[in-house]
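Student: show me how the following folds:
(2 chains)
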2 protein chains.
Amino acid sequence: MFSIIKNDKNSNARLGVLELPHGKVETPCFMPVGTLGAMKALKHDVLEKLGCDLMLANTYHLYLRPGIDVIKKYGSLHNFTAWDKNFLTDSGGFQVFSLANFRKIETEGVDFKSHIDGSRHYFTPESVFKMQEIFESDIIMALDICSSYGIDYSEASLYTNITTSWARRTLRAYENRKEGYDGLLFLITQGNFFKDLRKRSTEAILELDSPGIAIGGISVGEPRDKYLEILEYNSSLIPKVKPKYVMGIGTPHYILDAIYYGIDIFDCVNPTRIARHGSLLTDNGILRIKRAEFNFDTCPVERDCSCTLCTRYSRGYLRHLIKSEETLGVMLASEHNIHYMFRLIKKARNAIMNGDFTKFRKLYLSKYDEGNFDE
Amino acid sequence: MFSIIKNDKNSNARLGVLELPHGKVETPCFMPVGTLGAMKALKHDVLEKLGCDLMLANTYHLYLRPGIDVIKKYGSLHNFTAWDKNFLTDSGGFQVFSLANFRKIETEGVDFKSHIDGSRHYFTPESVFKMQEIFESDIIMALDICSSYGIDYSEASLYTNITTSWARRTLRAYENRKEGYDGLLFLITQGNFFKDLRKRSTEAILELDSPGIAIGGISVGEPRDKYLEILEYNSSLIPKVKPKYVMGIGTPHYILDAIYYGIDIFDCVNPTRIARHGSLLTDNGILRIKRAEFNFDTCPVERDCSCTLCTRYSRGYLRHLIKSEETLGVMLASEHNIHYMFRLIKKARNAIMNGDFTKFRKLYLSKYDEGNFDE
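Tutor: Numbering: from 1, shown residues only, chains lettered A, B, ... in the order given. Predicted coordinates:
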């Protein structure tokens, strides 16, 4: 299911291939977020051309809209959305904690109110597994509790224990999954920013021997050095044979750091979210197209970029579209930023293949931080 | 510049070719509206594939955003927007009367406040001509006064006279246009819903012998029989050799009526506007995708349609996207509706070519009105 093609000599970075029901995925892999089973402002065929083999969709959102019964009628999330490549669906846990108007965590599950209409719902490890089984998700995530940065040890310990017990229950449900369905279960480590909790959580999760492991609860607003410390520590506790996933990281720094510490999969809404506000990811840093200096600029956003935006349109026109809130501007900027992410990952993969990832990471980020846009 | 290929025997419908600086346009022609130099939610390459040779952009909007100086810097509206086919730009008159927060009509021009920031501006026939000359518009429209349905005769007469005097001034500016620029000027007839004013206006406009004529001031909220009466009457006053344009019509009924009475060009925001609210144009009438009955519907919106939406996605998925206000839903629905419009016009052209346009119109609209969607 997961094969490592090459290990980097100077870091924990590696090249791999993850075999999933809807096709192979090369790792490291950036996964765009299609919350409701659709990328924001990007058509499926554009994503396919960009080489996207794995999309993330959010179970919490799909549960509320269109509802599980609708997707069930179509046979799978793939059929419903007409996306024939892989889906990873999250457990909904993170959304319950970040979006719901009200939530109450119990050992049984979590009680919450919809952020859309305030209606009351209850998620258990078994129910969110069942939903993802109905989706026929290619990667299934277990329900977990993602705690905030800065909580005290006893609270963190409690949530870690609940996450572990939920992981056990999810594994049991997974072992009794329906005939013929072979999505991969990823269990999630927690432990907040306490190393001994991370260790306890990871050991318990590893004992369950799920096909993949996610490191949860980092990149939640903590300082960068804290993120790196826990990322490195937690990743080192997980055997190399397991594919490793870190949720919600999407800046070049965080991604190249994650690759450096052996992470294979990551996702983030960042590239499309910032695109909507006119922030364009480039090898020279973020270009903020709304700035007045781009008004008369006939250059493309990025000269060497082969996306639709950069091969046809000028900075001045994109600025006009974004300033005027034209949908076309959002479409072009989103495509550019996703194209950028795939290109960055490809460069990282090439660097690992060529044995110079550490050097690449340093040089790339240094150029990125300089922010010298071509004229 | 305008050649008639075939005249229908049983109506005033005709097939023609209009030669413009950025390529030939077959008529009858539906022109999509790209207000700010961009179609809402449709990429240029999609429009090109749909066979769009002529797009409308609004001078009033472009004047306010990004401003004439920006477009001038790029050399033309085509260069600025990277749209290499034809542009028709309107005069801004209609927007001044429908959008501006304040307007004062004088014989010299019109004083108004921007709908965006309330700033004060002044348009004259010469200034709006100049803007369109800077755009290098392929069809230029003269500044006119589009009056409301129901105003009294003396007011209608006054506005008609001003429109005529503005047409004369526009023609003078056009005759002194810059070297090498060969867009076509269309002058506009007015006269509200009074036949003698229509006659007076049209005679005066025809005397100026502009390359094309637009019938202005209809489809402004009047009853359908009033629309048809003035459309037929005003069109009959214009010699067949002139290309004829009616602004702001975009429903199958209004368009097939216009073709019947000899109109060659029309535009409307309707197809994309209703798409955003989930109304899909089909040969069987308007399908309102938000209806609950489509929740579990695995059929495409229209079985025989070859657009991206209908060849890949189900009604249920589109419903989900539109209900959830996902941009992808708007993109797919907009593409479908514009695809529909081009297909309708193509069918009308084929019918004229085959000599059975009158029959086609009757049968088509009867099926359209029945509204029997396939299962």
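Student: what parts of the stretch 201-350 of chain A come near chain B?
Tutor: By the rule C-beta under 8 Å from any C-beta of the partner chain, the part of the stretch 201-350 of chain A lying against chain B is A:295-296, A:298, A:308, A:312-314, A:316-317, A:319-321, A:323-324, A:326-332. In short, each C-beta sits where N, CA and C put it, glycine included.
Student: lowest average confidence, helix or strand, in chain A?
Tutor: Lowest on mean pLDDT, DSSP states H and E among the helices and strands of chain A sits helix A:93-98, with a mean of 84.
Student: so who does residue A:187 touch?
Tutor: A:142, A:167, A:170, A:171, A:205, A:208, A:210, A:212, A:213, A:214 (C-beta atoms under 8 Å, 6 or more residues apart in numbering or on different chains).
Student: so which of these comes closest to residue B:265?
Tutor: The shortest separation between residue B:265 and any of these is 57.8 Å, and it belongs to residue A:214 (by C-beta to C-beta).
Student: what's the burial count for the closest one?
Tutor: Neighbouring residues of residue A:214 were enumerated by other C-beta atoms under 10 Å in any protein chain shown; the total is 28.
Student: other SSEs contacting the helix or strand harbouring it?
Tutor: Secondary-structure element containing residue A:214, defined by DSSP states H and E: strand A:212-215. The contact analysis (3 or more C-beta pairs under 8 Å, 6 or more residues apart in numbering or on different chains; DSSP states H and E) places strand A:212-215 against strand A:184-189, helix A:195-207, helix A:224-237, strand A:244-246.
Student: show me where the stretch 51-200 of chain A has its helices.
Tutor: Secondary structure of the stretch 51-200 of chain A (DSSP state H, counting those that start in this stretch): helices located at A:59-64, A:68-74, A:77-81, A:93-98, A:125-135, A:153-175, A:195-207.
Student: how about the contacts made by residue A:10?
Tutor: Applying C-beta under 8 Å, 6+ apart, one finds that residue A:10 lies in contact with A:357, A:358.
Student: how close does it sit to residue B:230?
Tutor: Residue A:10 sits at a distance of 80 Å from residue B:230 (criterion: C-beta to C-beta, to the nearest Å).
Student: likewise residue A:17?
Tutor: Here the distance between residue A:17 and residue B:230 works out to 69 Å (C-beta to C-beta).
Student: more neighbours: those two, which one.
Tutor: In this comparison of residue A:17 against residue B:230, neighbours counted by other C-beta under 10 Å, the higher total goes to residue B:230 at 21 against 16.
Student: hmm, residue B:218 and that one touching each other?
Tutor: Yes - with contact taken as C-beta atoms under 8 Å, residue B:230 and residue B:218 are classed as touching, separated by 5.3 Å.
Student: coming back round to it: compare the helices of the stretch 51-200 of chain A and say which comes out lowest on pLDDT.
Tutor: Between those, the one with the least mean pLDDT is helix A:93-98; it has a mean of 84.
Student: for that one, buried residues please.
Tutor: A:93, A:94, A:95, A:96, A:97 (16 or more other C-beta atoms under 10 Å in any protein chain shown).
Student: go on, stretch A:170-177?
Tutor: Of the residues in stretch A:170-177, those buried (16+ other C-beta under 10 Å) are A:170, A:171, A:173, A:174, A:177.
Student: now distance to residue A:252 too, for the helices of the stretch 51-200 of chain A, in JSON lines please.
Tutor: Written out in JSON lines, the entries for the helices of the stretch 51-200 of chain A read as follows (distance: least, C-beta to C-beta, whole Å):
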{"stretch": "helix A:59-64", "distance to residue A:252": "27"}
{"stretch": "helix A:68-74", "distance to residue A:252": "34"}
{"stretch": "helix A:77-81", "distance to residue A:252": "29"}
{"stretch": "helix A:93-98", "distance to residue A:252": "23"}
{"stretch": "helix A:125-135", "distance to residue A:252": "30"}
{"stretch": "helix A:153-175", "distance to residue A:252": "30"}
{"stretch": "helix A:195-207", "distance to residue A:252": "25"}
